[in-house]
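Chemist: Make a model of this:
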Amino acid sequence: MMQTSYYPTPIMISANGHYPPRSPPPNGLSRRSIHSPRSSVDRHSQIAASAGDNALPEPSKHTDLWFCDGSIVLRAEDTLFRVHKSQLARHSAFFRDLFSLPQPSADSTTSPSPTVVANRNPALQIDTTNEIEGCPVLRLYDAAEDVENLLTALYDGPNFGKNDPADFRMVSGILRLATKYLVDSLRTKALLHLSRAWPTSLKGWDAREDLARADEMQSGPGMSNIYPSPADVITLAREVNAPSLLPSAFYDLSRYHYTQLFEQDDESGPSIAPLPLSNADLQRLALGKEASQHAITTLIRSMGSHSHPLLLGHHAHSHHSCRRDFSELVALATQHYLFDRERGCTDPLYVAEELGQPLYDFGQASGADDARFGESRRSVEVSECEACARVLAMWTTKERERMWKMIPLWFRLDI
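Modeler: Next up, the predicted model:
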């Protein structure tokens, strides 16, 4: 018996290294979605639409995935793959069950063209009347590129890349078909690979952002294209029922300004419009952006409270220089993030880490190559004491951890 499908049911909305700080905002990264990973469902409608033409294009053999001892021919679009039933059945519960079912004989087939009938009624059926080199033919209603990547992964093992847009195109196709045909082991490996770019932990997110920052430093501001569009990741996660990818993808998408999300060729930065999201996910995005912006305001306001127990509470007596330091820090952060809407103004995790990194690290001045916001936010005369620096770093670390746990709630995600 086949295993339970991974496809989701509709979800209703309910109520430090030497790099600069992590979490670079997306308006410094070039993330325009240059492609939309092709869905097997979309291909299905395209192929079915052309089913009325009796004269089908002449298919061609795949140059690599055509084994002379193969036992079945798979046809995807106009490409033929001769592979082994045993290999498919070994990895896929779907094909294992399909091959165990009795198939209609040639005598019982009344249609003069079984292939055309299969196109008009797109259901998987092994064609034993029009064999190719003695092998029955199974028509798959999937993109040939996706079938090629799936079969290559089954025979040679998955060869995933660096989670860049090109790699995402390959992995997303494999994940869709691994989900569709119940190839559990390959689905698990594909999800594990994607989770490195779309992690479920703050530590994983920081590692991801370190790679993005390093890539941006090498390629220049606005030239980095290390990750695919988060909107495409959300679409994929919905299609294959992978909710673990959603929090980081929604958070990444929320760092874009609204003009970048909904207006093409926006002057404020790279645009990813139009968004391929459902109305429900667009609502989640809007609510999450509002919540993350409120988190930045709350963070800065909390630092302005002189009675905050985690900041100046360690001083036995009033420490005027430290109070002055925090007051200046709050004023500059307010101007930078809330009024001027400068770099990082849509990224609360980035803001929190910035505020926790002092200009003077326990009396040691920052290097000239350090381009952090802290380099310009304080004058030479201002230097908090070592105890305040430690307390501030601890406080912002806890605030980042708290924010990370709140992300699913910000975006109304049921995970």
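Chemist: OK, contacts around Tyr258?
Modeler: By Cβ atoms under 8 Å, 6 or more residues apart in numbering, the residues touching Tyr258 are Lys289. All C-beta atoms are positioned from the backbone trio N, CA, C, and that covers glycine.
Chemist: need the strands for the protein, in chain order.
Modeler: Secondary structure of the chain (DSSP state E): strands at 60-66, 72-76, 79-83, 126-132, 135-140, 360-361, 364-365.
Chemist: Nearest to Asn159 among those strands would be which one?
Modeler: Within the strands of the chain, the stretch nearest Asn159 is strand 60-66; the backing value is 13.4 Å (Cβ to Cβ).
Chemist: which parts of stretch 399-406 are buried?
Modeler: Judged by neighbour count (16 or more other Cβ atoms under 10 Å), stretch 399-406 contains these buried residues: Glu399, Arg400, Met403, Trp404.
Chemist: Restrict it to CA atoms and write it as CSV.
Modeler: Included here for stretch 399-406 are C-alpha records, laid out as CSV according to Å, rounded to 0.1, in the frame of the first residue of the first chain:
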residue,chain,number,x,y,z
GLU,A,399,17.0,39.7,22.7
ARG,A,400,18.1,38.1,19.4
GLU,A,401,17.2,34.6,20.7
ARG,A,402,13.9,35.9,21.9
MET,A,403,13.2,37.5,18.5
TRP,A,404,14.1,34.3,16.6
LYS,A,405,11.6,32.3,18.7
MET,A,406,8.9,34.9,17.9
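Chemist: Relative to Asp210, how far out is Met217?
Modeler: 11 Å (Cβ to Cβ, to the nearest Å).
Chemist: neighbour count winner among these two?
Modeler: The residue with the greater number of neighbours, taking Met217 and Asp210 and applying other Cβ atoms under 10 Å, is Asp210; the counts read 18 against 14.
Chemist: Make a markdown table from the buried residues of stretch 399-406 and add pLDDT to it.
Modeler: Formatted as a markdown table, the entries for the buried residues of stretch 399-406 read as follows, by pLDDT from 0 to 100:
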| residue | pLDDT |
| --- | --- |
| Glu399 | 91 |
| Arg400 | 93 |
| Met403 | 95 |
| Trp404 | 97 |
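Chemist: List just the nearest of these to Arg238.
Modeler: Each of the buried residues of stretch 399-406 was checked against Arg238 using Cβ to Cβ; the closest is Trp404, at 22.1 Å.
Chemist: Quick check, the closest one in contact with Gly204.
Modeler: No - taking contact to mean Cβ atoms under 8 Å, the distance of 10.1 Å between Trp404 and Gly204 leaves them out of contact.
Chemist: Return the residues in contact with the closest residue to Thr128 other than its chain neighbours.
Modeler: Spatial nearest neighbour of Thr128, chain neighbours left out: Pro136 (4.7 Å); criterion: Cβ to Cβ, 6 or more residues apart in numbering. Under the criterion of Cβ under 8 Å, 6+ apart, the contact partners of Pro136 comprise Ile72, Val73, Gln103, Ile126, Asp127, Thr128.
Chemist: how near is Pro136 to Gln87?
Modeler: Here Pro136 is placed at a distance of 15 Å from Gln87 (Cβ to Cβ).
Chemist: thinking again about what came up before, whichever of the contacts of Pro136 end up buried, select them in ChimeraX.
Modeler: Selecting the buried subset of the contacts of Pro136 in ChimeraX, with 16+ other Cβ under 10 Å as the burial test, is done by:
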select :72,73,126,127
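Chemist: And for Thr188, the neighbour number?
Modeler: Thr188: 11 surrounding residues under other Cβ under 10 Å.
Chemist: same check, this time on Gly356
Modeler: If you count neighbours by other Cβ under 10 Å, Gly356 ends up with 21.
Chemist: separation between the closest residue in space to it that isn't next to it in sequence and Arg284?
Modeler: Excluding the flanking residues, the one nearest Gly356 by Cβ to Cβ, 6+ apart is Thr396, at 3.0 Å. Distance, Thr396 to Arg284, by Cβ to Cβ: 27 Å.
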